[in-house]
Structures are given as structure tokens and as C-alpha cells.
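Peer 1: Coordinates only, no sequence provided:
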DNA sequence: CGGATTCTGTCTGCTGGACGACAAAGCTTT
DNA sequence: AAAGCTTTGTCGTCCAGCAGACAGAATCCG
């Protein structure tokens, strides 16, 4: 919402927070700032990858869209995070699409500029390598979860991941501070909206979680047992 | 089989082939060479990541193993390719396991040595970034395929990917030059052995493919329509 | 060579979850 | 506050694919 004059504080796993002050400023000087509103498509599968993006405020989603129309939501991108990175170094076409979930402030850096920026700064290259590495690890884990668990299990893991980014501890429960629709959840774990709705209410009946004023609360105990394997970084 | 004195010619997407001669030699000087035989576990989920590996000869598989015992086979690693890379830069624990599929020659480089090697050489860092980027892209596409297609579709895509690495054109067919078991295929696309067996014979009956002397032949026409979205790089 | 192991092929019953169809809340817009 | 859209909740129906169980084929190995 607010139009800051610098990037907002970024979340864990963010790109900007790992740059030194100097690099940070230099990167900002390469970037064009732009306000976009909810629903705007930032880029789309098949397009040439001309820019890399930093989200200053708002939220964006990164997803695959299959020819048949089935959507796979890979991740949400938070302020301070970079996206559209994986297609930049090989002039590839976009493999994924990106869309703003809310009104957002977007910084974009042209491909060539970004490449130079990275190549002339070994520490930045290291940050990029770290970021891509953890995306590779996370994607592998997500795939694993997808094939090894039934829908209830996948929902619990998804909630675990989400809670680790958006969760707020409240007594013996953790509150999920973002509104995510059942459809979005379904798209993140490869199932249908109906199945998400009914599985959530089963879990509620089982006492694993609760809905109060449009938010999901999950029993902390449930999360403790689970390792968060994917979740600290946005995926592109 | 043969114990070469340097790395074998590597496949497309290989790591070694992208290094300049000097870097290549320097890397070899950091590496310990070792023969391992079929079935050897190279590393395992949960272990600390102490080395990065280059395969000189043979074949290795990279896979996730879930607590429940379900295996997800991410990719085969061919001569000249690097693996175990994604856990190296953040001192992470192994997220995946690696095992030799055949008797192989393995080069291993200690984590610290490899890091220095990369950090002092921007062009090498660039190669690493490229490699990780394409792994991110490939994994995303694989996940997408997994959720968007039924087993027959997933098998066709898997064959497409395999053919692009191991395929040999023969008239109007392409021969798959590696022996992969139905169980391995099942583990690559998240299904069961029985379903692979029966789906393959359905596809055969439909004229899409053929088995002759223990090899799979697929009609080229089928591959032409399909874009190879994942397949040029090994995944870790 | 012969036994052991690993792979392939096929059938069967069972079930998780996809999909369509509505109805009832909730928001948002004017 | 009325109209309109989006999201949630709940039912059936139906079927792809999982899981168990064998039998035969191929391969490995002492």
C-alpha cells in the first residue's frame, strides 16, 4: 500500500537483505519502480525473460499453467524477495507466470544490467547461488511431498510451510495471518477446491485446527513434529 | 567400466564441458578419484553435505526417500555431470540421496575447496548459476507435469525426457539406449510399478511404442509434438 | 549348470479423490 | 440496501490407479 522510498523490510530468505548497503543501492539505481494492482500479470509462460523483479510491497504468486488449464501455484513472493530469476542467465523463455495477489510495488531490472551487476560482484553471485540452491532443495521436497502423501498430509505440510512464513504464535495455537483461498491451497498441493474444503473441515473436527474470523489456527503441537523442509524461499 | 585418466566426454548440460581448460585442470587437482560399484550409496538424506561430486564414468541416481519409504527418483546423473551441488553453499544437510546405478568412477571435491574454487572464478560461478537455474526450471516443470497429467501422460513425458538424453534415432522410431526398470519409471512419475507395466502395454497396443530385445522404441512422431521441458540437466 | 533373485505381465477388488451441481455465506460496488 | 461476484460447505457419482497375489521370464552368480 504505502509507497516507501526504499525497499520494505524483507522476510527471511529475501534477496535484498543479504546484499551489503553498497550493492543494495547500486541495484536500486538499476531498477525501475512501478505500482501495479491486484491481478496484474507480471509475466507469463512462454514470454522471453527480459527482466528480473523485486517486490517492494504487496504479494505476488508464481505459478505454472498447463495447456489444459490446470494451475500449479509454486509460491508466494513477499516484499524484499526476488523473482523471475531462474530464466535470466540463459535467455530462456519464462517457464512460469507471475501475478500480483494484491496491489504491489514492483522493481524491475533489465536482464543485461542484472547480469553485469551479478558478474562484477562475487558476493552477490554467492547470494544468487544460495538462493537458487535453496529453491532447488525446496522444489525437490515439495515434489516428494506431492507424491508421498495423501491430501490430508499435503494440507498439513502446506500449512506448516505457510505458518513458518505467515504464522503468529498465540498461546497453544498459531494463527495464519494471510488470507489464502481454498482454491489457492488446492493449486499448491495438486488437488481440487472441494477436496480442500472437506479435508479442512475433517481436520477441524479432529481438533487439529480451527477457523475463527476467517483465519486458520493450527495447534502448535502439530507443527512441532514436522520439519519444515520447504518454505524459506520463494520459488521461481 | 574403463578407468580413464581424465573425465569422460560429458553429456549436454554437463558441468565439466562448460569449464575452460585451465579451470577444468584446477578442479581435477582438487578432486579425489574413487571407484565405486553398483548400488553404493554416495550420500544420504540427513547427512551433512561435505563434498560435491563429479561422475567420471557410470551412472548415478538422485532421489528423495520419504519416511514412509516412498521413493521419488529425481534424475540420473551421467558422466561429466556434477551432483550434490545444491546443499554445498549453505552447509545444509543432504535433502536427497545418491546411489550408483552401475559401477562408476567418482570424483569428489571437499566443500570448502569447491567453494573457493567457485568464488575465485566468476565464469565458474556463472556456470553454477546456469546449472542451478535450469534445475529450478526443470523441477518446476516436472512438478507441473506430475499434477496436471494422468499416468499415461506422465509416462509419455518421462519417455520424452529420457529419449532426449539417451535416445538414438532409428528410422521412424527412437530407441532408448538405457535399461530402466518399470519400478524406476514408477518412482520418477509418482505411481506404482504395476501401473507402469500395464500403461506401457496399453501404449504398445495403441501403437505408440514397441519393445524389442529389452529396449523401448517410441514413435518419433509422438516426441515431435512434445516440448522437452525438463531433461537437459541432472537434478539435485 | 542350476538355484536365487530381480523383473515383467496380468487380474482383482477397493477407495481416495475428481468432478458436477447447488445452496448459503461473505465481501464489494454502486 | 440491493445486486453481483467470490468463496465456502456439502452431496452424490464414478473411475483411475493403488495394493495384494501369483506366474512366468530374464538375469545374475556361485
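Peer 2: That came through fine. Keep in mind the model is a prediction, meaning the values are calculated, not measured.

Peer 1: Count the neighbours of the residue nearest to residue A:137 when sequence neighbours are not counted for me.
Peer 2: The shortest distance from residue A:137 to any non-neighbouring residue, by C-beta to C-beta, 6 or more residues apart in numbering or on different chains, is to residue B:95 (4.7 Å). From N, CA and C alone the C-beta is placed, and that goes for glycine too. Residue B:95 is flanked by 21 other residues according to other C-beta atoms under 10 Å in any protein chain shown.

Peer 1: Return the residues in contact with residue B:95.
Peer 2: A:137, A:140-141, A:229, B:45, B:64, B:86-87 (C-beta atoms under 8 Å, 6 or more residues apart in numbering or on different chains).

Peer 1: List, one by one, the residues from chain A near DNA strand D.
Peer 2: Chain A has residues A:181-183, A:193-194, A:197-198, A:200-201, A:211 near DNA strand D, with proximity defined as C-beta under 7 Å from any atom of the strand.

Peer 1: Could you tell me which of these count as buried?
Peer 2: A:182, A:200 (16 or more other C-beta atoms under 10 Å in any protein chain shown).

Peer 1: Strands of chain A, residue ranges please.
Peer 2: For chain A, the strands defined by DSSP state E occupy A:32-36, A:41-43, A:51-57, A:60-65, A:71-77, A:82-83, A:97-100, A:104-110, A:167-170, A:173-176, A:209-212, A:215-219.

Peer 1: if I look at the residue positioned nearest the centre of chain A, how far off is DNA strand C?
Peer 2: Geometric centre of chain A, nearest residue: residue A:76, 2.6 Å, by C-alpha atoms, centre = their mean. According to C-beta to the nearest atom of the strand, to the nearest Å, residue A:76 stands 18 Å off from DNA strand C.

Peer 1: That residue against residue A:61, yeah?
Peer 2: Yes: the pair residue A:76 and residue A:61 passes the contact test of C-beta atoms under 8 Å, sitting 5.5 Å apart.

Peer 1: Could you rank the contacts of residue B:95 by neighbour count and give me the top one?
Peer 2: Ranking the contacts of residue B:95 using other C-beta under 10 Å puts residue B:86 first, with 30 neighbours.

Peer 1: Would you check how far apart residue A:110 and residue A:49 are?
Peer 2: Going from residue A:110 to residue A:49 by C-beta to C-beta, to the nearest Å gives 11 Å.

Peer 1: Then residue A:198?
Peer 2: 39 Å.

Peer 1: now do residue A:128
Peer 2: 15 Å.

Peer 1: what would the residues of chain A next to DNA strand D look like in JSON lines with pLDDT and distance to chain B?
Peer 2: Converted to JSON lines, these look like this (pLDDT from 0 to 100; distance: C-beta to the nearest C-beta, whole Å):
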{"residue": "A:181", "pLDDT": "94", "distance to chain B": "18"}
{"residue": "A:182", "pLDDT": "96", "distance to chain B": "16"}
{"residue": "A:183", "pLDDT": "96", "distance to chain B": "14"}
{"residue": "A:193", "pLDDT": "97", "distance to chain B": "14"}
{"residue": "A:194", "pLDDT": "97", "distance to chain B": "16"}
{"residue": "A:197", "pLDDT": "97", "distance to chain B": "18"}
{"residue": "A:198", "pLDDT": "96", "distance to chain B": "19"}
{"residue": "A:200", "pLDDT": "96", "distance to chain B": "19"}
{"residue": "A:201", "pLDDT": "94", "distance to chain B": "23"}
{"residue": "A:211", "pLDDT": "86", "distance to chain B": "26"}
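
Peer 1: ok, which of the residues of chain A next to DNA strand D also contact DNA strand C?
Peer 2: Near DNA strand C, judged by C-beta under 7 Å from any atom of the strand, the entries from the residues of chain A next to DNA strand D are residue A:194.

Peer 1: The strands of chain A: which one's closest to residue B:151?
Peer 2: Checking the strands of chain A against residue B:151 by C-beta to C-beta gives strand A:71-77 as the closest, at 17.6 Å.

Peer 1: picking up where we left off before, what touches both of residue A:76 and residue A:61?
Peer 2: residue A:101.

Peer 1: Now do the contacts for residue A:132.
Peer 2: So residue A:132 contacts A:85-86, B:129, B:132-133, B:135-136 (C-beta under 8 Å, 6+ apart).

Peer 1: ok, and the most crowded of those residues?
Peer 2: Going by other C-beta under 10 Å, residue A:86 tops these with 30 neighbours.

Peer 1: Tell me the confidence at residue A:220?
Peer 2: On pLDDT, residue A:220 comes in at 80.

Peer 1: That one and DNA strand C: what is the separation?
Peer 2: For residue A:220, the distance to DNA strand C - C-beta to the nearest atom of the strand - is 25 Å.

Peer 1: now swap in residue A:69 and tell me
Peer 2: 10 Å.

Peer 1: what's the burial count for that residue?
Peer 2: Using other C-beta under 10 Å: residue A:69 sits among 7 other residues.

Peer 1: Contact partners for it?
Peer 2: Per C-beta under 8 Å, 6+ apart, neighbours of residue A:69: none.

Peer 1: so how far is residue B:216 from it?
Peer 2: Relative to residue B:216, and taking C-beta to C-beta, residue A:69 is found at 31 Å.

Peer 1: Residue A:42 too?
Peer 2: Residue A:42 is 41 Å from residue B:216, by C-beta to C-beta.

Peer 1: Mind pulling the model confidence for the residue nearest to residue A:137?
Peer 2: pLDDT, residue B:95: 93.

Peer 1: for residue A:1, same thing?
Peer 2: 37.

Peer 1: now swap in residue A:85 and tell me
Peer 2: 96.

Peer 1: before we move on, what about residue A:33?
Peer 2: 95.

Peer 1: for residue A:172, same thing?
Peer 2: Predicted confidence (pLDDT) for residue A:172: 83.

Peer 1: Next: residue A:11.
Peer 2: 43.

Peer 1: does any part of the helix of greatest length in chain A sit near DNA strand C?
Peer 2: In chain A, taking DSSP state H as the definition, the longest helix is helix A:122-148. No: using C-beta under 7 Å from any atom of the strand, we find that helix A:122-148 stays clear of DNA strand C, coming within 10.6 Å at best.

Peer 1: Buried residues of that helix, list them for me.
Peer 2: A:124-148.

Peer 1: now it and strand A:71-77, what's the angle there?
Peer 2: Here helix A:122-148 runs at an angle of 140 degrees relative to strand A:71-77 (axes from the mean of the first three to the mean of the last three C-alpha atoms, to 10 degrees).

Peer 1: near DNA strand C, which residues of chain A show up?
Peer 2: So chain A meets DNA strand C at A:150-152, A:190-192, A:194-195, A:214 (C-beta under 7 Å from any atom of the strand).
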